[in-house]
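A.B. asks: okay, sequence plus prediction incoming.
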Amino acid sequence: MEPAGESAAEAGEAAEASPPSGETPELVKTLMTMGIEKELAMQAVWVTGSTTVDAALTWIFENREETAEVGEQERLPPDGALVEGENVAKMVFVVNMDLNMGVGKVAAQVAHAAVGLHKFLLQNQEVYGHLLLLWDADGETKVVLKGDNVTFLEDLRRKSEAASLPCYMVSDAGRTQIPAGSTTVLAVFGRVSEVDEITGKLKLL
């Protein structure tokens with residue numbers, strides 16, 4: 001008969017090797033509503049063993065380069081060649097770098113922007129429904145960019161509105177890291193060529 005200690009250890013190892021239970025399915029669904037692909041959401045929850053959205057988002061953003069490369073490889077055509085102009089639409093997020101937010105904070109704010117803008121698009125499907133469907137079918141391209149400060153973000157919003165591009169600005173509640181009412185992220189959605197006219201020269205975060 002094996003010692004009880006060894007059995008407990010084996011049970012612990014088995015628990016670590018399995019996806020987290022309990023709140024995990026609901027957490028994965030929550031991440032998916034923020035624009036995170038199901039496979040990536042499941043991986044983030046599994047790897048971190050987290051039960052909070054912020055913890056999972058932090059992992060995703062800290063590993064975004066690696067996961068983005070994998071995603072791009074999966075979307076390559078059979079011959080490995082990318083078709084020019086393949087992406088029809090995209091959603092970009094311009095982060096207020098003047099606030100010096102931590103990785104987790106940035107992740108949460110970008111998530112707020114994604115959810116807010118997506119809700120607006122769904123509420124106005126008679127205008128944006130067709131483009132939203134094309135974006136969804138094309139893999140829901142999302143890009144996070146650097147913005148200098150709140151004045152810079154407000155200027156981009158004015159340009160986006162002038163170009164009839166839907167946008168969403170996030171103002172933080174100020175519970176952690178930054179003052180209440182701080183403008184953290186601007187989200188913009190539209191055809192790739194039109195969005196690039198507004199944000200095409202900005203650097204990736």
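C.D. replies: Yep, that arrived.
A.B. asks: buried stuff in the biggest helix by length in the chain?
C.D. replies: With secondary structure taken from DSSP state H, the chain has its longest helix at helix 103-123. Buried residues in helix 103-123, counted by 16 or more other Cβ atoms under 10 Å: 104-118, 121. To be clear about C-beta, it is placed using only N, CA and C from the backbone, and glycine gets the same treatment.
A.B. asks: my guess is Lys105 meets Gly174, correct?
C.D. replies: No - counting by Cβ atoms under 8 Å, Lys105 does not reach Gly174; the two are 11.4 Å apart.
A.B. asks: by mean pLDDT, flag the weakest helix or strand of this structure.
C.D. replies: Across the helices and strands of the chain, mean pLDDT, DSSP states H and E gives its lowest value to helix 4-17, namely a mean of 41.
A.B. asks: the very next helix or strand once past it to helix 103-123, inter-axis angle?
C.D. replies: Downstream of helix 4-17, the first helix or strand assigned by DSSP states H and E is helix 24-33. For helix 24-33 against helix 103-123, the angle by axes from the mean of the first three to the mean of the last three Cα atoms, to 10 degrees is 70 degrees.
A.B. asks: just say helix, strand or coil for Leu153.
C.D. replies: The local conformation at Leu153, judged by DSSP: H, G, I helix; E, B strand; the rest coil, is helix.
A.B. asks: burial of it, as a residue count?
C.D. replies: Using other Cβ atoms under 10 Å, the number of residues around Leu153 comes to 22.
A.B. asks: contacts only, for it.
C.D. replies: Val94, Asn96, Gly147, Met169, Thr183, Val185, Leu186 (Cβ atoms under 8 Å, 6 or more residues apart in numbering).
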